[in-house]
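**Student:** Return a 3D structure for these sequence lines:
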Amino acid sequence: MALATKADIRLHLLCIFFALGSFTWGYNVGILSSVLVHPGFIQTMGHLTPSRKGVITAIYYLGTWLSYVFISHATSDRFGRRYAALAGVLTVAVGNAFECGATGSGAYAMMIVGRVISGVGVGMLSTSVPLYQSEVSPAGKRGKYVVLNHVGFVAGLACGFWVGYAVTFWNSSDYAIYVSWRVSLAVVLVPCFIFGIGLPFIPETPRWLIEHSHHDAARKSLSWLREGSFSSDEIESELASIREDVDAHRAAFPSSSWLSLFTDRSLFKRLWRASLLQFMAQMCGATAMKYYLPTLFARLGLPTRVTLMAGGIESTLKIGMTVIEMLLIDRLGRRVTLTAGCVAMGFGMLINGALGQVYPDNTDKGADVVCIVFIFIYALGYSMGFGPSAWVYGSEIFPTSVRARGLNLSASAGAIGSIVVAQVWPVGIDTIGSNIYFFFMAVNFICIPIIVVFYPETKGRALEDMDLLFNKAAGGEVEEVDEQTEPVLPKSVGRPSQS
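**Tutor:** So this is what the prediction gives:
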């Protein structure tokens, strides 16, 4: 087995560090699921109907949608991927302060404001992190490095559940009940601080630097990123390939390059694919499982503390599945992992819906155990498929000049899906019970032929070679990369030297 080069070590450390940004995103999601069932939070917010719970959850995605459409891409394009992430983590911290400070008659309004602000920050984080990871990674390993984005997310999700579980033991007094849920929300400030402090000291991506005519800085950055894996000639060739790609799109769309996403046929085919993928990734039911898992377990008769522990176990298992996905995605490809995940999620929803019909009102404890198992299977399917792969796909298919705009616009479709599911799920569970599972089962099974038919495989392809791939896809021919061969390198770049 070849020894890890300096480039391998540096890329792993960089992408793990950026996963800390995704950790703050995941923690925000995981901790809210426990906060929603915390007695101190319920007392502070007043009467929480399913609809009001849905608003608290869904309004967050209004913030992310606003960020994706109006803020995040502009920040990332103008200031770079690092400083977009820094702006995002600072915004999350401000939103968190509003959430923690919610009290009195205006508590519900403060919570809503905090959730919107946090959503805006997460919109910047959730796109700048995979953008950075995608743009610094070599073609044959890009999927693995970008999946670290989702590893960070599910680690944050698991941490949120475990902190929520631990907080249930902090109930010795009325004051403890009043303050404990606020402290659990404020824990996210620790990774925010570490991530924010470190960001100015890491290199910017070579592709963003070339896009902004910082050619010497781009050469220095790429040389540092590729040291030990690529020769000087190969690094120069990769730089030339990036410059050629940037210059070509700048020449074709000199005034407002982002409009090319709608006016250029090849780019529009990428935009609608990435957008639909993000929309499907939320409409499959993922938002509901992330936010309402303790509520779902409670409907199966589990006490609150046990539901939070079960949520922590489920989220911890997802870390392992995402690590497995990280090792497989560059071997099996994006389409295989996406379809396999949809199959697992669809069957998980089918079993939960069917058992809910056969044993209404949780009359059979054995059936409840099976439901819990298949909720876990559903979650593992998401971590194998849509969770990481939707971000990998969207972060790699657009050219440098419109990559941030393309990823943000496509992510906005995911935010819309999250808003829909966050509102539909609690009301659906309350009104039609387990029948709601059949709706999400159908969504998952419908996604399978859509992925197979409309999504060309991108594994092993250089970012600068996506034009060729999607031009062929537009014409009905998609050239597959033989998984037995070495990964395709950028245009004229030679093979890595063996060190």
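**Student:** all contacts plus neighbour counts: C-alpha atoms, from now on.
**Tutor:** Fine.
**Student:** Specify the local secondary structure of His47.
**Tutor:** Put simply, His47 is coil when judged by DSSP: H, G, I helix; E, B strand; the rest coil.
**Student:** Quick check on the residue lying closest to Thr322 once chain neighbours are set aside: phi, psi?
**Tutor:** Spatial nearest neighbour of Thr322, chain neighbours left out: Ser383 (5.3 Å); criterion: C-alpha to C-alpha, 6 or more residues apart in numbering. Note on Ser383: backbone dihedrals following degrees, to the nearest 10 are phi -70, psi -20.
**Student:** Thought Lys318 was touching Ser383, still the case?
**Tutor:** Yes - the criterion here is C-alpha atoms under 8 Å, and Ser383 meets it with Lys318 at 6.0 Å.
**Student:** Between those two, tell me which one has more neighbours.
**Tutor:** A side-by-side neighbour count of Ser383 and Lys318, using other C-alpha atoms under 10 Å, places Ser383 first with 29 against 26.
**Student:** Contacts only, for that one.
**Tutor:** Residues near Ser383 by C-alpha atoms under 8 Å, 6 or more residues apart in numbering: 318-319, 321-322, 325, 341.
**Student:** Out of those residues, name the ones that lie in helices.
**Tutor:** Those of the contacts of Ser383 mapping onto helices are 318-319, 321-322, 325, 341, per DSSP state H.
**Student:** Look at Ala166 and say how many residues are nearby.
**Tutor:** By other C-alpha under 10 Å, 15 other residues sit near Ala166.
**Student:** State the next helix or strand along the chain beyond whichever strand or helix holds it.
**Tutor:** Under the criterion of DSSP states H and E, Ala166 resides in helix 142-167. Once the chain leaves helix 142-167, the next helix or strand it forms, by DSSP H and E, is helix 174-186.
**Student:** Buried by neighbour count: which residues of that following helix qualify?
**Tutor:** Within helix 174-186, the residues that count as buried by 16 or more other C-alpha atoms under 10 Å are 177-182, 184-186.
**Student:** Which SSE is immediately downstream of that helix?
**Tutor:** The helix or strand immediately downstream of helix 174-186 is helix 189-198, counting by DSSP H and E.
**Student:** pretty sure Phe268 contacts Phe262?
**Tutor:** Yes - using C-alpha under 8 Å, Phe268 makes contact with Phe262 at a distance of 5.2 Å.
**Student:** For Glu204, grab phi and psi.
**Tutor:** phi -80, psi 160.
**Student:** Mind listing what's buried along the longest helix anywhere in the chain?
**Tutor:** Assignment by DSSP H gives helix 400-432 as the longest helix of the chain. Neighbour counts using 16+ other C-alpha under 10 Å place 400-429 of helix 400-432 among the buried residues.
**Student:** coming back round to it: could you dump the ones in helices among the contacts of Ser383 to TSV with distance to Phe17 and pLDDT?
**Tutor:** Below are the ones in helices among the contacts of Ser383 laid out as TSV (distance: C-alpha to C-alpha, whole Å; pLDDT from 0 to 100):
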residue	distance to Phe17	pLDDT
Lys318	20	86
Ile319	16	90
Met321	20	88
Thr322	17	90
Glu325	19	90
Gly341	27	95
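**Student:** farthest pair in those?
**Tutor:** Spanning the widest gap among these are Ile319 and Gly341, at 14.9 Å by C-alpha to C-alpha.
**Student:** Could you check which of those two has the larger neighbour count?
**Tutor:** Ranked by neighbour count (other C-alpha under 10 Å), Ile319 and Gly341 place Gly341 first, with 25 against 22.
**Student:** Against Val452, how distant is the more buried one?
**Tutor:** As judged by C-alpha to C-alpha, to the nearest Å, Gly341 and Val452 stand 13 Å apart.
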